[in-house]
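**Q** take this sequence and fold it.
(chains A and B)
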Amino acid sequence: MATPALSKHSTIAIPVTTIQRVIAELHTEGRIRLGYLGVGVQPVAIPASLQSKIPGGAETGLILLSVVSNSPADDAGLQVGDILLALDDQKLDDSDQLQMLLRGHHIGKPSELFILRGGEPLKLTVVIQEAERK
Amino acid sequence: MSIPVPGRLAENVRQAVVQVHGSEGSLGSGVTIAVRGAHGDVITNAHVLGGSSIRIEAWDGSALAAKVVKINRSRDLALLSVPGLKASPLPLGDSKVLRPGTPVFAIGNPLGFVGAVSSGVIHNISMRRWVCADVRLAPGNSGGPLTNFSGQVVGINTMVVNGGLALAVPSHAVEKFLKHEDARNLGVIVRSVKFKRGFGVMVTGIVAGSAAERASLLPGDILAAANGLTFAHPDDLTDAIDDAANGLLHLEFYRGDMTVTRQVTANLLARSARTAA
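**A** Residues are numbered from 1 along each chain as shown, chains lettered A, B, ... in the order given. Prediction:
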């Protein structure tokens, strides 16, 4: 779907997969829900010495720069310096991917986070909250 | 008619300032400094040089060839040896005692105007790695002195930010640059973080073959202190490396729930990074 609303300078089209996902969620939920974890992240390269400790391997992850007090991340025990590798077995390579995974079916249910802490792999359970509407 | 005192001071400073012509057509400024190890030599910005063939023009019009004695690109400083240069060197002042409102001169060769003078005041002192002054700079001022009204060099003018504020390398950093034999680094990419234990400098990347890699530092390690100095500012790690005798650092850091201490010797920067090609 072509739209002039997103850019004045070039033609932007919304992918059909996005339209299908949004329509499906509007049908089932009546609104678009966004998840909230409560972290600030940045992509980092995983040193070669640690890659062998990660089942399936991973060259990049998301390092936590901040953890909001009393957020789902804080409740799950996440700490500044932890490196997020996967959420429910889906790899996390960049922050856009994390934003995508925080939508929809993960909200309100226990999800498994696979992380590196101090160079050691660790699994934590997190319950992603729905983000407050502004 | 006698020259007003600030004018006389500016004239003295102008005689210590030189034009620096880089080999790629770049034009900057430089200043002769009167400190041990650099007497009669010229301090300038590293980014002014642009190659190995460097020419100096002094205030009296003499044109001389210059050689790079020492260079630190991360601190953007270079020391040039200029045989035959006749210029009265300036003393280094103490950039740590500057306060907002302290009057300063910036002297250099902006846009090719030789020995041009602008004046202003110290704008703020919130950036430890820079002296921030409200003085007018333009291309060509780089490498020239920022002086107080006693004629002491308190900074080396380096860049313009935020719509016109001048940033100068503080004189205490110039002093360190002259004192230390060689620049060193740890080989980490870091950013400051606030976490449950307070402030720290977190490792987000490790350079292959670096001292950090040899010491088995990891992304996510949060550096808290070095050689007894507890980090309270993003620049504290850089300062600790600069101050470490022979580059030896006793690092304290947090790794997950553990507190770890480790000895590491910061790498000498590669020769190509220290001297112009």
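
**Q** please enumerate the strands of chain A.
**A** Shown for chain A, the strands assigned by DSSP state E span residues A:2-3, A:12-13, A:35-36, A:39-45, A:60-67, A:83-87, A:90-91, A:110-117, A:120-127, A:129-130.

**Q** leaving out sequence neighbours, find the closest residue to the residue of chain A found nearest chain B.
**A** With CB to the nearest CB, the shortest gap between chain A and chain B falls at A:G118, namely 3.1 Å. For every residue, glycine as well, the C-beta is placed using N, CA and C. Spatial nearest neighbour of A:G118, excluding adjacent residues (CB to CB, 6 or more residues apart in numbering or on different chains): B:G256 at 3.1 Å.

**Q** how is chain A divided into domains?
**A** A:1-32, A:35-130 (automatic domain parsing).

**Q** what residues sit buried inside stretch B:84-104?
**A** B:L85, B:A87, B:P89, B:L90, B:L92, B:G93, B:S95, B:L98, B:T102, B:V104 (16 or more other CB atoms under 10 Å in any protein chain shown).

**Q** take these and lay them out in CSV including secondary structure.
**A** What follows is the buried residues of stretch B:84-104, written out as CSV (DSSP: H, G, I helix; E, B strand; the rest coil):
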residue, secondary structure
B:L85, coil
B:A87, coil
B:P89, coil
B:L90, strand
B:L92, strand
B:G93, coil
B:S95, helix
B:L98, coil
B:T102, coil
B:V104, strand
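
**Q** which helix runs longest in chain A?
**A** helix A:16-29 (DSSP state H).

**Q** domains for chain B, by residue range?
**A** With automatic domain parsing as the reference, chain B has domains B:5-81, B:95-179, B:184-273.

**Q** mean confidence score for the shortest one?
**A** Same thing as domain B:5-81. Mean pLDDT, computed over domain B:5-81, is 87.

**Q** and for stretch A:127-134?
**A** 80.

**Q** contacts for that stretch, please.
**A** A:33-37, A:71-72, A:75-76, A:102, A:106-111 (CB atoms under 8 Å, 6 or more residues apart in numbering or on different chains).

**Q** same thing but at 10 Å, please
**A** Defining contact as CB atoms under 10 Å, 6 or more residues apart in numbering or on different chains, one finds that stretch A:127-134 is touched by A:31, A:33-38, A:71-73, A:75-76, A:87, A:101-103, A:106-111, A:113.

**Q** by mean pLDDT, which helix or strand of chain A comes out lowest?
**A** strand A:2-3 (a mean of 72; mean pLDDT, DSSP states H and E).

**Q** tell me how far B:A208 lies from chain A.
**A** 9 Å (CB to the nearest CB, to the nearest Å).

**Q** how about the residue nearest to the spatial centre of chain A: what's its closest non-neighbour residue?
**A** Taking CA atoms, centre = their mean as the criterion, A:L98 is the residue nearest the geometric centre of chain A, at 2.0 Å. Spatially, and ignoring its direct neighbours in sequence, A:L98 is nearest to A:L92 (5.5 Å; CB to CB, 6+ apart).

**Q** burial of the one you found, as a residue count?
**A** A:L92 has 22 neighbours, counted by other CB atoms under 10 Å in any protein chain shown.

**Q** what of the one 4 residues further on?
**A** Other residues within reach of A:D96 by the criterion other CB under 10 Å amount to 8.

**Q** how much space between the residue in the stretch 51-200 of chain B that chain A sits nearest to and A:Q79?
**A** Nearest residue of the stretch 51-200 of chain B to chain A, counting by CB to the nearest CB: B:F195, 3.9 Å away. To A:Q79, B:F195 is 7 Å away according to CB to CB, to the nearest Å.

**Q** cool, and A:E25?
**A** If you go by CB to CB, the gap between A:E25 and A:Q79 works out to 32 Å.

**Q** and the closest residue to B:R184 other than its chain neighbours, how many residues sit next to it?
**A** In space, B:R184 comes closest to B:A266 once its chain neighbours are excluded; the distance is 3.9 Å by CB to CB, 6+ apart. Other residues near B:A266 come to 23 when the count uses other CB under 10 Å.

**Q** which parts of stretch B:224-237 are buried?
**A** B:A224, B:A225, B:A226, B:F231, B:D235, B:D236, B:L237.

**Q** how far away is the fourth one from B:G93?
**A** It refers to B:F231. For B:F231, the distance to B:G93 equals 27 Å [CB to CB].

**Q** which parts of the stretch 51-200 of chain B are strands?
**A** If DSSP state E, counting those that start in this stretch is used as the criterion, the strands of the stretch 51-200 of chain B fall at B:54-57, B:63-72, B:77-81, B:103-108, B:116-124, B:131-134, B:145-148, B:153-161, B:165-170, B:184-185, B:188-195, B:198-206.

**Q** ranking the ones you listed by burial, who's on top?
**A** Burial of the strands of the stretch 51-200 of chain B is given as mean neighbour count (mean count of other CB atoms under 10 Å in any protein chain shown); strand B:145-148 ranks first at a mean of 29.
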